[in-house]
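Asks: here is the input, now give the coordinates:
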Amino acid sequence: MRNILVIGIGAGNLEHMTVQAINGLNRADVLFIPDKGARKNDLAELRREICDRFVTNPDSRRVEFDVPVRAEPAPSYEATVDDWHEAIAGIYEALIRDELGEDGCGAFLIWGDPSLYDSALRILERVRQRGNVAFELEVIPGITAIQALAASHAIALNRIGDPIHITTGRRLAEQGLPDNAGSTIVMLDGKCAFQTVADKETTIYWGAYLGTPDEIVVSGTLAEVGDVIAKTREDARRRKGWIMDTYLLRKPADEG
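Replies: Below you'll find the predicted structure:
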């Protein structure tokens, strides 16, 4: 039976690669490299650099594939994502069917960790449920943007006895900071949702392009650095054509 490896490759630093991940790359007959277009070519190039540096298996080969662009949410965010995942599932199915032999091993290289705000595992489960191609699945974890953020700011993610809440920018804007968590990590925020937080004495630890040579980190209270981060983020996005960032918000009562 075909074997599919879903390998977490870290947040952007080649040295985030674990020994397990490197061994996984070298087990694979085919390495699947997603291409999200010219604006995000850096993401595909990092995967190529990882393969260049760590793959020693002379029989492995790379197959690059185009990732469809997700439409703007209409009629709903959930429906739009579902349609997008269905389109990608068709691509994954064709790759597994056409590029791997019956006993072949293929690997998908996943930014960060496959378990955290990444859809590869859900999409592969769609492929499995279609019943057109059979495969076994193995997941290799990777360093997340959350870990890289904490490392770059030299902070612990939690206070003693303090719960951590992980959410998205969209949910933060809709629901605000939870009452039962002093520390909130926000991912997938394209609209600077931290600006909606009412208490401007909340501390923010923000980072973009974490682990890469382009890394930017800023910290302080929202009153001090909120506008700075918003401007820095927009300038960086325009300069590179894309941005990946995350941040931690910590309520004033939990400081010091």
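Asks: what distance separates the helix or strand harbouring residue 129 from the centre of its chain?
Replies: Here residue 129, judged by DSSP states H and E, is contained in helix 120-130. Between the centre of helix 120-130 and the centre of its chain there are 18 Å (C-alpha atoms, centre = their mean, to the nearest Å).
Asks: ok, stretch 233-253 next?
Replies: A distance of 14 Å separates the C-alpha centroid of stretch 233-253 from that of its chain, computed with C-alpha atoms, centre = their mean.
Asks: quick one: average pLDDT of that stretch?
Replies: Across stretch 233-253, pLDDT averages out at 93.
Asks: same thing with stretch 28-42?
Replies: Average pLDDT, stretch 28-42: 81.
Asks: likewise for stretch 131-139?
Replies: The pLDDT scores in stretch 131-139 average 96.
Asks: before we move on, the earlier item: list the buried residues for the helix or strand following the helix holding residue 129?
Replies: Moving toward the C-terminus from helix 120-130, the next helix or strand (DSSP H and E) is strand 135-140. Across strand 135-140, burial judged by 16 or more other C-beta atoms under 10 Å covers 135, 139-140. (C-beta placed from N, C-alpha, C; glycine too.)
Asks: and strand 135-140, what does it pack against?
Replies: Applying 3 or more C-beta pairs under 8 Å, 6 or more residues apart in numbering; DSSP states H and E, one finds that strand 135-140 contacts strand 2-8, helix 19-27, helix 120-130.
Asks: ok, it: who's next to it in the sheet?
Replies: Strands adjacent to strand 135-140 in the sheet, as given by DSSP bridges, are strand 2-8 (parallel).
Asks: I'd like the buried residues of strand 135-140 laid out as a markdown table, including distance to residue 210.
Replies: Shown next, in a markdown table, are these (distance: C-beta to C-beta, whole Å):
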| residue | distance to residue 210 |
| --- | --- |
| 135 | 32 |
| 139 | 22 |
| 140 | 20 |
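Asks: give me the below-cutoff pLDDT ranges for this structure.
Replies: Applying pLDDT under 70 to the chain flags residues 36-40, 71-75, 253-256.
Asks: which residue ranges form the helices in it?
Replies: Under the criterion DSSP state H, the chain contains helices at 19-27, 41-54, 77-99, 120-130, 145-153, 169-175, 222-240.
Asks: got the ones you listed as a markdown table, with distance to residue 205 and mean neighbour count columns?
Replies: Formatted as a markdown table, the helices of the chain follow (distance: least, C-beta to C-beta, whole Å; neighbours: other C-beta atoms under 10 Å):
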| stretch | distance to residue 205 | mean neighbour count |
| --- | --- | --- |
| helix 19-27 | 27 | 17 |
| helix 41-54 | 24 | 16 |
| helix 77-99 | 27 | 15 |
| helix 120-130 | 28 | 17 |
| helix 145-153 | 5 | 20 |
| helix 169-175 | 15 | 16 |
| helix 222-240 | 10 | 15 |
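Asks: ok, which of those comes nearest residue 215?
Replies: Nearest of the helices of the chain to residue 215, taken as C-beta to C-beta: helix 145-153 at 6.6 Å.
Asks: what's that closest one packed up against?
Replies: Using 3+ C-beta pairs under 8 Å, 6+ apart as the contact test, the elements touching helix 145-153 are strand 183-187, strand 203-208, strand 216-221, strand 245-250.
Asks: CA atoms only: put the second one into PDB for me.
Replies: In this case it means strand 203-208. Once non-C-alpha atoms are left out, strand 203-208 reads as follows in PDB (Å, rounded to 0.1, in the frame of the first residue of the first chain):
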ATOM      1  CA  THR A 203       1.000  43.500  26.100                       C
ATOM      2  CA  ILE A 204       1.600  42.200  22.600                       C
ATOM      3  CA  TYR A 205       4.600  40.100  21.500                       C
ATOM      4  CA  TRP A 206       4.400  40.100  17.700                       C
ATOM      5  CA  GLY A 207       6.600  38.400  15.100                       C
ATOM      6  CA  ALA A 208       6.600  38.100  11.300                       C
END
